[in-house]
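Novice: pasting the sequence and the predicted coordinates here, then a few questions.
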Amino acid sequence: EATISGDIRLTPFYPVDDVKACIEAEIKAINDDIESLPTKGDFSKFVIPDGKGGLRKGSLELTWGEHLLTGIACDLNSPALKTLC
């Protein structure tokens, strides 16, 4: 088991729910066909024998944090923002 954590930085104005749905669809597509992912030899496969006649299959699981920020971060006193507004 491995855990990877991070964040997603978007160009402003993308709907968060749309982005989440897109990423969740990609995770599902990977899990549905995980054997097609490229590997580097016999010991880096995503489906391996379990030693009992069965197979152990890797999978990805995505969990979203509770704190999702939307909007933009900018200096409200910047000349560029004053030009835009």
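Specialist: Good, I have the coordinates. Given the structure is predicted, the values throughout are model-derived calculations rather than measurements.
Novice: give me the distance between the residue most central in space within the chain and Gly6.
Specialist: For the chain, Ile23 is the residue whose C-alpha lies nearest the centre (CA atoms, centre = their mean; 5.8 Å). Separation of Ile23 from Gly6 (CB to CB, to the nearest Å): 12 Å. In short, each C-beta sits where N, CA and C put it, glycine included.
Novice: cool, Leu81 as well?
Specialist: In this view, Leu81 and Gly6 are 28 Å apart by CB to CB.
Novice: quick check: mean pLDDT of the helix ranked longest in the chain?
Specialist: What stands out as the longest helix in the chain, according to DSSP state H, is helix 16-32. Mean per-residue pLDDT for helix 16-32: 93.
Novice: also stretch 67-80?
Specialist: pLDDT averaged over stretch 67-80 gives 78.
Novice: which residues does it contact?
Specialist: Residues outside stretch 67-80 that contact it (CB atoms under 8 Å, 6 or more residues apart in numbering): 12, 16, 81.
Novice: same question, stretch 35-50
Specialist: Counting by CB under 8 Å, 6+ apart, 30, 34, 55-58 sit against stretch 35-50.
Novice: buried set for it?
Specialist: Within stretch 35-50, the residues that count as buried by 16 or more other CB atoms under 10 Å are 45-46.
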